[in-house]
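In: What would the 3D arrangement of this be:
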Amino acid sequence: MGRSKFRAEFRDRSETTLQTLLYIMKIKDRIKELRRVPANQLLPNPKNWRRHPESQMNALRGVLAEVGYADAVLARETPDGLMLIDGHLRAETVGAEPIPVLVLDVNEAEADLILATLDPLAGMAQTDGEALTDLIATLEIQSEAINEMLRALVEENGIFDVQAGEMPVLPTGDKSDHEQITFSLSTEQAETVREALDKSKDMGDFGDTGNENTNGNALARLCEVYLGQS
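Out: Numbers count the residues shown, from 1 in each chain. Predicted structure coming up:
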């Protein structure tokens, strides 16, 4: 490579790096302050496009009961009061209870951009199935709503959850006679397993197995057939 060409490429790379650094340096901090405000005093955003099913509400109540507040809703100041940008469900769930609020120094157009992109940006993250199952395996959860949310997350990401039914909430020290087994499958394998489970269920009632979970019963029946036990 000639010296002139090398210098040109070096200059281009340097300019790109400099532009990146300048961009990073220009990022504005739009958080004005953290306040604790009664949730029912926060104005709902009329442009909020997110709708919250009952299962999500119940899961949120479970997290608030087991952990408490570990995040803040987002709002901006308007002539009528603080208007929510993010956190409508939390505000609706706790009523008049004070809730942490990050007050942002943004105008309406900027608030609209945040409202339109905050959740979709988080949703663009990809899932490491093994890391997810390892994390879930370490959790000790009392709320069945949280368990249902995590089971749905596992299923949505193509991770087959053998014991996906309702697990009893047990006092500390008691041991369940149920076990939860989670492992990963390829998309094609997961479809095969689901088809096999459906056929197992079509064979009729499972009888008194002591297990209310139909997927677990269906899998056990398949194993019994394979092992020649039925």
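In: how much space between the nearest residue to residue 52 once chain neighbours are set aside and residue 211?
Out: Nearest residue to residue 52, sequence neighbours excluded (CB to CB, 6 or more residues apart in numbering): residue 89, at 4.6 Å. The way it works is simple: take the backbone N, C-alpha and C, and place the C-beta from them, glycine included. When distance is defined by CB to CB, to the nearest Å, residue 89 is 33 Å away from residue 211.
In: And residue 138, by the same measure?
Out: Counting by CB to CB - residue 138 and residue 211 are separated by 24 Å.
In: Same question for residue 119.
Out: 36 Å.
In: Domain ranges for this protein, per the record?
Out: 31-123, 129-226 (automatic domain parsing).
In: Tell me how far the longest one lies from the chain's centre.
Out: I take that to be domain 129-226. Put simply, domain 129-226 sits 19 Å off its chain's centre (CA atoms, centre = their mean, to the nearest Å).
In: what's the answer for the first one, then?
Out: Offset of domain 31-123 from its chain centre (CA atoms, centre = their mean): 16 Å.
In: So for residue 138 and residue 211, which sits in the more crowded spot?
Out: residue 211 (15 against 6; other CB atoms under 10 Å).
In: Apart from its neighbours in sequence, what residue is nearest the more buried one?
Out: That would be residue 217: by CB to CB, 6+ apart, it lies 5.6 Å from residue 211.
In: Now the host helix or strand of the one you found: buried residues?
Out: Assigned by DSSP states H and E, residue 217 falls within helix 214-226. In terms of neighbour count (16 or more other CB atoms under 10 Å), helix 214-226 has its buried residues at 215, 216, 217, 218, 219, 220, 221, 222.
In: Check stretch 43-57 too.
Out: Result for stretch 43-57 [16+ other CB under 10 Å]: buried residues residue 45.
In: contacts for it?
Out: Stretch 43-57 is contacted from outside by 78, 80-85, 88-89, 91-93, 111-112, 115-116, 119, 145, 148-149, 152, using CB atoms under 8 Å, 6 or more residues apart in numbering.
In: ok, and the closest non-adjacent residue to the residue most central in space within the chain?
Out: Residue closest to the mean C-alpha point of the chain, counted by CA atoms, centre = their mean, is residue 153 at 7.1 Å. Nearest non-adjacent residue to residue 153, counting by CB to CB, 6+ apart: residue 132, 7.3 Å away.
In: on that earlier part again, go through the domains of the chain and find the least confident stretch.
Out: Mean pLDDT is lowest for domain 129-226 out of the domains of the chain, coming in at a mean of 75.
In: end-to-end on that one?
Out: 28 Å (CA to CA, to the nearest Å).
In: What of stretch 82-98?
Out: Stretch 82-98: ends 14 Å apart by CA to CA.
In: Would you mark the buried spots in it?
Out: So for stretch 82-98, counting by 16+ other CB under 10 Å, buried means 82-94.
In: Just the CA trace of the strand or helix carrying the residue nearest to the centre of the chain, in CSV.
Out: Per DSSP H and E, residue 153 falls inside helix 144-156. Taking Å, rounded to 0.1, in the frame of the first residue of the first chain, the C-alpha atoms of helix 144-156 are listed here in CSV:
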residue,chain,number,x,y,z
GLU,A,144,-47.7,-17.7,40.7
ALA,A,145,-48.2,-14.7,38.3
ILE,A,146,-44.5,-14.2,38.1
ASN,A,147,-44.0,-17.9,37.4
GLU,A,148,-46.6,-17.8,34.6
MET,A,149,-44.8,-14.8,33.1
LEU,A,150,-41.5,-16.6,33.1
ARG,A,151,-43.0,-19.8,31.7
ALA,A,152,-44.4,-17.7,28.8
LEU,A,153,-41.0,-16.1,28.3
VAL,A,154,-39.4,-19.6,28.1
GLU,A,155,-41.9,-20.8,25.6
GLU,A,156,-41.7,-17.7,23.5
